[in-house]
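>>> could you work out the structure for the sequence below:
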Amino acid sequence: MRAKIETYRGIDIEFDTCNEKFNCVISEGIKLEKGSYKLMQEAIDKYLKDNQSFKPFKVTNKPTTLFGGVGEGVCTVIGIRKDGRFVYENKEKKKQQIADHYERDIILYEPEMEVQLVEIAYLETLVDDARKKVEEAKKKVKGITLAEYRKNLKP
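Numbering: from 1, shown residues only. Just a heads-up that it's a prediction; the model follows:
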């Protein structure tokens, strides 16, 4: 009799009570059998590591998000951790993981996007300049506050 123990890294691990071994089917034609649960996990990890063909790709933050998951500009995703999180290399060449909740805010980078990204950056500088001018204009408006006016009222 076989009993399912766990789904480990997307693969079902079963325990065969007849021969007292752990079994799993990784893909069609590839089956593993080990004497202990830990050895089964290690075998699955080794198989996934040896047979994973990952090709790095470039990503950037969605222009519509305020806070992105990969910092400023275009970054290269260089791998996937065992827990499924993407790993990217930042501008300082340090490896960092992308948190799951940021995946919706990151898009695959295509060279055709560069024109729009440059335009967005230019327009953002115009917006920043306009905000500074608005703040300067606001500072020029002087007046007596209602609280100050109340103090000057005679009872």
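>>> could you pull up phi and psi at the residue most central in space within the chain?
Taking CA atoms, centre = their mean, the centroid of the chain lies closest to Ile98, which sits 3.2 Å from it. Dihedral pair for Ile98: phi -100, psi 120, per degrees, to the nearest 10.
>>> now it. Nearest residue, chain neighbours left out?
Nearest in space to Ile98, with sequence neighbours left out and distances taken as CB to CB, 6 or more residues apart in numbering, is Phe86 at 4.5 Å. Using the backbone N, CA and C atoms, a C-beta is placed for each residue, glycine as well.
>>> sorry, back to before: from Ser53, how far off is the residue nearest to the centre of the chain?
Ile98 sits 20 Å away from Ser53, going by CB to CB, to the nearest Å.
>>> His101 now?
27 Å.
>>> bridging residues for the residue nearest to Ile98?
Ile80 (DSSP bridges).
>>> let me see the domain layout of the chain.
Domains of the chain are assigned by automatic domain parsing as 2-51, 57-111.
>>> the first one spans what distance, first to last residue?
Distance across domain 2-51, first residue to last, is 27 Å (CA to CA, to the nearest Å).
>>> ok, now stretch 6-26?
First-to-last residue span, stretch 6-26, CA to CA: 14 Å.
>>> on that earlier part again, now the domains of the chain as CSV including distance to Val127?
CSV is the format used below for these (distance: least, CB to CB, whole Å):
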stretch, distance to Val127
domain 2-51, 45
domain 57-111, 13
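>>> from what I see, Thr17 and Asn23 are in contact.
No. Checked against CB atoms under 8 Å, the pair Thr17 and Asn23 is beyond contact range at 11.1 Å.
>>> shared neighbours of the two, anything?
With contacts defined as CB atoms under 8 Å, 6 or more residues apart in numbering, the residues shared by Thr17 and Asn23 are Arg2.
>>> compare the two (neighbour count), which wins?
Asn23 (17 against 10; other CB atoms under 10 Å).
>>> which helix or strand contains that one?
strand 21-27 (DSSP states H and E).
>>> cool, and Thr60?
Using DSSP H and E, the element containing Thr60 is strand 57-61.
>>> what residues of that strand count as buried?
For strand 57-61, the buried set under the neighbour-count rule, 16 or more other CB atoms under 10 Å, comprises Val59, Thr60, Asn61.
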